[in-house]
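Chemist: my questions are about this predicted structure, shown below with the sequence.
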Amino acid sequence: MTRTLDSYPQEVRDVVARTREVVSTLHAELPRWGLVVWTAGNVSQRVVVDPAGPSDADLFVIKPSGVTYDELTPGSMVVCDLDGNLVDGTRAPSSDTAAHAYVYRHMPEVGGVVHTHSTYATAWAARAEPVPCVLTMMADEFGGDIPVGPFALIGDDSIGRGIVETLRDSRSPAVLMRNHGPFTIGKDAKAAVKAAVMVEEVARTVHISLQLGTPLPIGQADIDSLYARYQNVYGRTPAATDEPATTPVTPTEQESTR
Ligand SMILES: O=C(CO)[C@@H](O)[C@@H](O)COP(=O)(O)O
């Protein structure tokens with residue numbers, strides 16, 4: 001029997017309300033950056049009750065299905081449990097709810113999931129070709145090539161399983177699901193939205209480069225160095241007591257920083 005929101009403690013309901021505001025606001029970023037048309041795409045965020053890590057009380061908030069972006073409000077956001085069951089909402093949850101739920105169940109470090117049909121990334125997905133890491137921006141954001149996930153039908157665990165199997169051992173926060181489009185993950189929905197913006201940007205740039213000639217590869221050691229710098233140093237104001245900013249951290253230690 002699926003619980004309803006009023007059966008959860010007030011502290012959970014308060015976090016749900018805040019998460020609805022965040023997810024509703026972040027949906028506006030998808031049309032803003034030209035990543036979706038009409039009702040395509042969706043954003044979700046895990047309702048983190050215990051910052052120490054996922055708990056049985058954890059839920060997630062996702063877009064209602066088939067609603068245009070100008071109609072989305074915090075109150076229209078749908079609350080589901082981690083099995084994708086409806087907990088609270090006036091509309092049916094997104095078609096991709098099962099996929100988002102599967103990711104949250106199998107990747108506890110992930111706090112946000114985004115799906116778009118952005119043009120260039122989706123064009124690469126239609127060809128099931130990984131975007132090669134030929135830009136320093138790709139090394140920074142994706143730590144290597146942007147991988148392709150398997151073809152999967154919509155509505156059950158298939159897409160979610162493909163996302164997890166592809167990204168579980170990858171540094172990339174984005175996967176191009178074959179014949180479908182990009183799905184991105186992050187420590188929260190804002191990080192996943194950023195990855196969705198960046199995957200479209202680099203998919204376009206690499207496509208244009210390929211039209212002009214043959215992009216040159218970046219060596220793995222340089223990719224690792226760029227990734228470590230960007231994930232550890234970029235945008236940080238070193239405190240007086242911090243280690244020197246040039247201290248590289250091995251990429252494998254970066255897995256938890258999604
Ligand atoms: O690509 C799909 C489903 O995977 C689209 O239908 C999706 O972008 C939008 O569906 P929803 O409106 O979120 O149900």
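Modeler: Okay, I see it.
Chemist: what about M138, distance to V202?
Modeler: 5 Å (C-beta to C-beta, to the nearest Å). Where you see a C-beta, it was placed from the backbone N, CA and C, and this is true even at glycine.
Chemist: overlap of the contact sets of the two?
Modeler: Each of 131, 146 lies in contact with both M138 and V202 under the rule C-beta atoms under 8 Å, 6 or more residues apart in numbering.
Chemist: compare these two and say which is more crowded by neighbours.
Modeler: Using other C-beta atoms under 10 Å, the more surrounded residue of M138 and V202 is M138, with 27 against 24.
Chemist: the more buried one and L216, how far apart?
Modeler: 13 Å.
Chemist: please report the distance of the closest residue to V134 other than its chain neighbours from the ligand.
Modeler: Spatially, and ignoring its direct neighbours in sequence, V134 is nearest to P215 (3.8 Å; C-beta to C-beta, 6 or more residues apart in numbering). According to C-beta to the nearest ligand atom, to the nearest Å, P215 and the ligand sit 29 Å apart.
Chemist: who's in contact with P215?
Modeler: Contacts for P215 (C-beta under 8 Å, 6+ apart) come out as 132, 134, 206, 209.
Chemist: closest one to W124 out of the residues you listed, please.
Modeler: For those, the closest approach to W124 (C-beta to C-beta) belongs to V206, at 8.3 Å.
Chemist: quick check: which element contains that closest one?
Modeler: In the assignment (DSSP states H and E), V206 maps to helix 189-212.
Chemist: so, in contact with the ligand or not, that helix?
Modeler: No: shown here: helix 189-212 not in contact with the ligand (C-beta under 6 Å from any ligand atom), separated by at least 11.9 Å.
Chemist: what residues does the stretch 1-150 of the chain put near the ligand?
Modeler: 39-42, 63, 65-66, 94-96, 115.
Chemist: ok, which pair from the residues you listed is furthest apart?
Modeler: Spanning the widest gap among those are G66 and H115, at 14.1 Å by C-beta to C-beta.
Chemist: neighbour-wise, which of these two wins?
Modeler: The neighbour comparison of G66 against H115 (other C-beta under 10 Å) goes to H115, with 29 against 11.
Chemist: could you check how far that one is from T19?
Modeler: 18 Å.
Chemist: please apply the same query to P173.
Modeler: According to C-beta to C-beta, P173 and T19 sit 20 Å apart.
Chemist: just H180 next, same as before
Modeler: 26 Å.
Chemist: the more surrounded of these two?
Modeler: T19 (24 against 21).
Chemist: could you give the angle of the helix or strand encompassing the more buried one to helix 189-212?
Modeler: Here T19 sits within helix 10-27, counting by DSSP H and E. On the basis of axes from the mean of the first three to the mean of the last three C-alpha atoms, to 10 degrees, helix 10-27 is oriented at 20 degrees to helix 189-212.
Chemist: the helix or strand just after helix 10-27 packs against which elements?
Modeler: For helix 10-27, the succeeding helix or strand toward the C-terminus, using DSSP H and E, is helix 29-32. The contact analysis (3 or more C-beta pairs under 8 Å, 6 or more residues apart in numbering; DSSP states H and E) places helix 29-32 against helix 189-212.
Chemist: quick one: buried residues of the helix it packs on?
Modeler: Across helix 189-212, burial judged by 16 or more other C-beta atoms under 10 Å covers 189-206.
Chemist: likewise stretch 89-104?
Modeler: Residues 89, 93-104 are the ones in stretch 89-104 that count as buried (16+ other C-beta under 10 Å).
Chemist: also stretch 225-235?
Modeler: Buried residues in stretch 225-235, counted by 16+ other C-beta under 10 Å: 226-233.
Chemist: if I look at H180, how far off is the ligand?
Modeler: Look at H180 and the ligand: by C-beta to the nearest ligand atom, they are 6 Å apart.
Chemist: with adjacent residues omitted, what lies nearest to that residue?
Modeler: Spatial nearest neighbour of H180, chain neighbours left out: A125 (5.9 Å); criterion: C-beta to C-beta, 6+ apart.
Chemist: I'd say the one you found and F183 touch.
Modeler: No: A125 lies out of contact with F183 (C-beta atoms under 8 Å); the separation is 9.7 Å.
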